[in-house]
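1. dropping a prediction and its sequence here:
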Amino acid sequence: MSSFAQSGTFTLHAPELGGQATLQEVFNGMGCTGKNLSPALSWTDAPEGTKSFAITLYDPDAPTGSGWWHWVVFDIPATTKELPMGAGTPKQGSLPVGAVQSMTDFGAPGYGGPCPPIGHGLHTYTLTVHALDVEKLGLDQTATAPMVGFNLSMHTLGKATLVFYYER
């Protein structure tokens, strides 16, 4: 009988977030009346060599031709394993020291929750934590989501993703 050590699977948890966004996560503006709070998150079993994390929230179903970036945060220290609900609210101070929130498609840094057009159908929201091989991406809060995404693709050791849905 052979035995070997198997590491766990890199996993993202969002205890309050089920298969569908609630008014806690939904945007407050553009006709939506949610609380616009980023969900509480935790992750386990990051890949060996992880030096920092990044989190993205993306809606590929937005009627833009390029989807919609709802949240982009990076340079999260490797010692971080969780974020409280609302951590994506700018100036709240819930993100770890050194973490950077950059531009979303709402035109500002910070979390912006789901708010699809009325009658457009069910939208898919992909929430991902990226384990990175660098401590800093070398970008600031003015970086666009595609620029961050490009840099993430060059430094991602592993990803853990949750998918949820919302429609109006």
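-> Yep, it's here. Quantities reported herein were computed from a predicted structural model and do not represent experimental measurements. Residues are numbered from 1 along each chain as shown.

2. next, count neighbours for Thr156.
-> 15 (other C-beta atoms under 10 Å). The C-beta positions use only the backbone N, C-alpha and C, and glycine is treated the same way.

3. what do you get for Gly86?
-> Counted with other C-beta under 10 Å, Gly86 comes out at 16.

4. measure it to Leu132 for me?
-> Distance, Gly86 to Leu132, using C-beta to C-beta, to the nearest Å: 24 Å.

5. now the helix or strand where Pro146 lies: average pLDDT?
-> Taking DSSP states H and E as the definition, one finds Pro146 inside helix 145-155. Helix 145-155 shows a mean pLDDT of 97.

6. which helices and strands sit right next to that helix?
-> In terms of contacts (3 or more C-beta pairs under 8 Å, 6 or more residues apart in numbering; DSSP states H and E), helix 145-155 is packed against strand 52-59, strand 68-77, strand 123-132.

7. could I get those strands in TSV, plus columns for mean neighbour count?
-> Output for the helices and strands packed on helix 145-155, formatted as TSV (neighbours: other C-beta atoms under 10 Å):
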stretch	mean neighbour count
strand 52-59	23
strand 68-77	24
strand 123-132	22
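
8. for Thr64, which non-adjacent residue is spatially closest?
-> Among residues not flanking Thr64 along the chain, Asp105 sits closest, at 7.6 Å (C-beta to C-beta, 6 or more residues apart in numbering).

9. with Gly121 instead?
-> For Gly121, the closest residue by C-beta to C-beta, 6+ apart turns out to be Glu167, at 5.9 Å.

10. ok now do the residue nearest the centre of the chain, which residues does it touch?
-> In the chain, the residue lying closest to the centroid (C-alpha atoms, centre = their mean) is Thr56, at 2.9 Å. Contacts were defined as C-beta atoms under 8 Å, 6 or more residues apart in numbering; by that measure Thr56 touches Trp69, Trp71, Val72, Val73, Thr126, Leu127, Thr128, His130, Ala145, Val148, Gly149, Leu152.

11. over to the closest residue to Lys51 other than its chain neighbours. Which of the three states is it?
-> Spatial nearest neighbour of Lys51, excluding adjacent residues (C-beta to C-beta, 6+ apart): Glu135 at 4.7 Å. What DSSP: H, G, I helix; E, B strand; the rest coil gives for Glu135 is coil.

12. picking up where we left off before, dump the helices and strands packed on helix 145-155 to TSV, plus distance to Gln141 and mean pLDDT.
-> Shown next, in TSV, are these (distance: least, C-beta to C-beta, whole Å; pLDDT from 0 to 100):
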stretch	distance to Gln141	mean pLDDT
strand 52-59	14	98
strand 68-77	10	98
strand 123-132	18	98
